[in-house]
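J.: Task: produce atomic coordinates for the following.
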Amino acid sequence: MATSPTQPTLRGLTQYQWRSGIAAWLGWFFDGLDMHLYTLVAAPFVAHLLQVVDLADPAVKVKSSWIQAAFMVGWALGGGFFGRLGDLLGRSRCLALTILTYAMFTGMACLATQWWHLLIFRFVAALGIGGEWAIGSALLAETWPKCWRAWIAAVLQMGVNLGILCACVTRVAMAAFPERYIFLVGVLPALMVYWIRRKVPETAEWQRARHAAGSHMPGIRDLFRSEVRRTTLVTIVVCACSLTGWWAFIFWNPQHFRNLPELRGWPAADRERLVAGVFFLVVGVSIIGNFCAAWLARRIGYRNAILVFFGGFLGCFIGAYGVPRGYQALLMWVPWIGFFSGVFALFTMYLPPLFPVLLRTTGAGFCYNIGRIAAAVGTIVFGQLAVVGDFRLALLCDGLLFIPAFIAALWMPNVRDDA
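T.: Residues are numbered from 1 along each chain as shown. Sure thing, here's the model as predicted:
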């Protein structure tokens, strides 16, 4: 199961490497599906639970943002909790556990009859989604050749994007059904858990490190000691600012489109199709961004590529929301925001190797997912900046978070993959 340091072609990969790659990719695909089912039905479903008719009702905005915030907090806590388990118990075992968690509780959202029921179900589902990121990325970092890392990152992130697109297609296909039934689709990932436990063993690198450590396992406090502390702190700032910027956009941009003055007179079904179409466009373009980010990282290094994409993010947010725009003008800018979201593909293979083996899923999971707590707060704070029916100012302020993200990224190492 050991990985050769250089394997120039896909034909040189072992069966074990292919299985670990498929398991991680499927985990990420279903991550994308399950995490975005709520985003697509947030306003109408929460309005139904609150028994209000007007989607612009302030209560809908407040409660839907609290549910999304709970999801982000769960994502952060899940990254830390399952990331720690991944270092203690192994990558494969915990990968299966995270997938089972988010699949079952996404499906249970169908049973919600009060808005706080939905909040609880989304919170627990997010625990699994947050843990899966750290474990899946560490699994591939320890099994696939280093020379493939940038492209692996792009393919993994594409799995998330395709899962999101699948959620969009599901939303359109189930438009005639009550919003709650869409969550039943989220149960599907549970079917792959048995295969992972049978076919994907623990990584050789983790087994060697675990055996060498014996009873002296490093803990979370070791992330803030010696030379690891600087990496931890800088990574937290980069992830917190950039993830808040991206996820507040993902959540509030559909609400912004729904409440544009020129769309308020549209039939609800036509308006929802447009919102789903815009979401589909953003995510579809982000797949191109994944591979462009990987290509750039191969040539100028991970940190420099991250800086370029953060700068692009900032410019597009200012262009889209700096002045009031109609939906047609927004469609000229919003897809570019999706393109620059390709930067998050780089985090997949860049962050885990920055930490020692037995702190790998702990460190990557903690630092990356602690940004979800900031994103949770940001979702609520930026929502409060919005006057009723207008989220432009909130989205503009949200985009400015890429300024501190850019500055913090300057302090990260400019890692380059082996050729």
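
J.: how close does Phe251 get to Thr244?
T.: Spatial separation of Phe251 from Thr244 under the definition Cβ to Cβ, to the nearest Å is 11 Å. (Each C-beta comes from the backbone N, C-alpha and C, glycine too.)

J.: do the same with Ser20
T.: Between Ser20 and Thr244 the distance is 31 Å, computed by Cβ to Cβ.

J.: Show me which positions of the single longest helix found in the chain end up buried.
T.: The helix spanning the most residues in the chain, taking DSSP state H as the definition, is helix 15-50. Burial within helix 15-50, assessed by neighbour count using 16 or more other Cβ atoms under 10 Å, is assigned to 16-17, 19-21, 23-50.

J.: Summarise which helices and strands whichever helix or strand comes after it is packed against.
T.: Moving toward the C-terminus from helix 15-50, the next helix or strand (DSSP states H and E) is helix 58-89. Using 3 or more Cβ pairs under 8 Å, 6 or more residues apart in numbering; DSSP states H and E as the contact definition, the elements that helix 58-89 packs against are helix 15-50, helix 91-108, helix 115-141, helix 226-258, helix 360-385.

J.: what's near enough to touch Ala305?
T.: For Ala305, the residues meeting the contact criterion (Cβ atoms under 8 Å, 6 or more residues apart in numbering) are Ala293, Leu296, Ala297, Val343, Leu346.

J.: go again using 6 Å as the cut-off
T.: Applying Cβ atoms under 6 Å, 6 or more residues apart in numbering to Ala305 gives the contacts Ala293, Leu296, Ala297.

J.: could you give the angle of the host helix or strand of Val285 to helix 15-50?
T.: Taking DSSP H and E as the definition, Val285 sits inside helix 268-300. Here the directions of helix 268-300 and helix 15-50 differ by 150 degrees (axes from the mean of the first three to the mean of the last three Cα atoms, to 10 degrees).

J.: buried residues in the helix or strand just after helix 268-300?
T.: Following helix 268-300 in sequence order, the next helix or strand is helix 302-321 (DSSP H and E). If you call a residue buried by 16+ other Cβ under 10 Å, then helix 302-321 has these buried ones: 302-310, 312-317, 319-321.

J.: Can you report how many residues lie near the closest residue to Phe366 other than its chain neighbours?
T.: Closest residue in space to Phe366, ignoring its immediate chain neighbours: Gly80 at 4.7 Å, by Cβ to Cβ, 6 or more residues apart in numbering. In terms of burial, Gly80 registers 24 neighbours under the definition other Cβ atoms under 10 Å.

J.: cool, Ser65 as well?
T.: When counting by other Cβ under 10 Å, one arrives at 24 neighbours for Ser65.

J.: From Pro44, how far off is Ala268?
T.: Ala268 sits 8 Å away from Pro44 when distances are taken as Cβ to Cβ.

J.: And Leu118, by the same measure?
T.: From Leu118 across to Pro44, the span is 13 Å (Cβ to Cβ).

J.: coming back round to it: so for the residue nearest to Phe366, what's the pLDDT?
T.: With respect to pLDDT, Gly80 scores 78.

J.: cool, and the one 10 residues further on?
T.: At Gly90, the pLDDT value in this model is 85.

J.: Just give the closest residue to it, not the sequence neighbours.
T.: Counting by Cβ to Cβ, 6+ apart, Gly90 lies nearest to Glu202, which is 4.1 Å off, once chain neighbours are set aside.

J.: show me what contacts Val60?
T.: With contacts taken as Cβ under 6 Å, 6+ apart, Val60 has the following neighbours: Ala43, Val46, Ala47.

J.: The closest residue to the second one other than its chain neighbours: how many residues sit nearby?
T.: Once its chain neighbours are removed from consideration, Val46 has its nearest residue in Ser64; the separation is 4.4 Å (Cβ to Cβ, 6+ apart). Other residues within reach of Ser64, judged by other Cβ under 10 Å, total 29.

J.: And for Pro267?
T.: 8.

J.: what's the spacing between it and Gln328?
T.: Relative to Gln328, Pro267 is positioned 19 Å away (Cβ to Cβ).

J.: for Phe81, same thing?
T.: Counting by Cβ to Cβ, the gap between Phe81 and Gln328 amounts to 45 Å.

J.: same question, Thr113
T.: Plainly put, Thr113 is 39 Å away from Gln328 if you go by Cβ to Cβ.

J.: Buried residues, stretch 77-94. List them.
T.: Residues 77-87, 90-94 are the ones in stretch 77-94 that count as buried (16+ other Cβ under 10 Å).

J.: Out of those, flag the one nearest to Arg360.
T.: Looking at the buried residues of stretch 77-94 and their distance to Arg360, the nearest is Asp87, at 6.6 Å (Cβ to Cβ).

J.: Against Gly365, how distant is the closest one?
T.: Asp87 sits at a distance of 9 Å from Gly365 (criterion: Cβ to Cβ).

J.: For the protein, which element, helix or strand, carries the lowest mean pLDDT?
T.: Sorting the helices and strands of the chain by mean pLDDT, DSSP states H and E puts helix 360-385 at the bottom, at a mean of 70.

J.: Quick check: next helix or strand after it?
T.: Toward the C-terminal end, the helix or strand that comes next after helix 360-385 (DSSP H and E) is helix 392-399.

J.: next helix or strand past that next one?
T.: Following helix 392-399 in sequence, per DSSP H and E, is helix 402-409.

J.: Which elements pack onto that following helix?
T.: Packing partners of helix 402-409 (3 or more Cβ pairs under 6 Å, 6 or more residues apart in numbering; DSSP states H and E): helix 226-258, helix 302-321.

J.: Give me the neighbour count for Gln51.
T.: Gln51 has 6 neighbouring residues, counting by other Cβ under 10 Å.
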